[in-house]
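> would you be able to build a 3D model of this:
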Amino acid sequence: MQLSAVERTGISFRLQRRFYRPRENVFRAWTDPEVLRRWWCPEGWIPAEIEVDLRVGGSYRIGMRRRSGGEPVYVCGSFLEVDSPEKLAYTWQWENAFEQMPQTRVTVQ
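Below is the predicted model of the structure:
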């Protein structure tokens, strides 16, 4: 069993945002590859491959690359909790970037 950064370090933080859209739409924005393509990448980046197996134990892999080219970077992990549209919990690990960063846990409610 691999411990998350929170379990190893005791560090956590909470962000709170209110979206004035139906919960189902917000949940889909976090889980539907076509919707993720519309908003995921920061400025100067474009989506690469996006794969989502939305079930407890399923995995995801979201890729993006610089508009100017180069190798894609990915964030990937597995789903720990899937309670549509109320809660989504998953692990988070970078590939091809931030290799020294530990795996973390993300919870979206």
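
> what helices or strands is the helix or strand harbouring Ile50 leaning on?
If you go by DSSP states H and E, Ile50 is part of strand 45-52. When contacts are defined as 3 or more Cβ pairs under 8 Å, 6 or more residues apart in numbering; DSSP states H and E, strand 45-52 packs onto helix 33-39, strand 59-66. Where you see a C-beta, it was placed from the backbone N, CA and C, and this is true even at glycine.

> got the CA coordinates for stretch 30-41 in CSV?
Extracted C-alpha coordinates of stretch 30-41, given in CSV (Å, rounded to 0.1, in the frame of the first residue of the first chain):
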residue,chain,number,x,y,z
TRP,A,30,-14.3,16.5,-14.0
THR,A,31,-15.0,13.1,-15.5
ASP,A,32,-16.0,13.3,-19.2
PRO,A,33,-13.0,13.3,-21.6
GLU,A,34,-14.8,15.6,-24.1
VAL,A,35,-15.7,18.1,-21.5
LEU,A,36,-12.2,17.9,-19.9
ARG,A,37,-10.7,18.8,-23.3
ARG,A,38,-12.6,22.2,-23.1
TRP,A,39,-11.1,23.5,-19.8
TRP,A,40,-8.3,21.3,-18.4
CYS,A,41,-5.1,22.8,-20.0
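
> and that stretch, which residues are buried?
Buried residues in stretch 30-41, counted by 16 or more other Cβ atoms under 10 Å: Trp30, Thr31, Val35, Leu36, Trp40, Cys41.

> surely the second one touches Leu54?
Right, Thr31. Yes - the pair Thr31 / Leu54 is scored as a contact, 5.2 Å apart, by Cβ atoms under 8 Å.

> returning to what we had before: now for the buried residues of stretch 30-41: which two are most distant?
Using Cβ to Cβ, the two most remote members of the buried residues of stretch 30-41 are Thr31 and Cys41, lying 16.6 Å apart.
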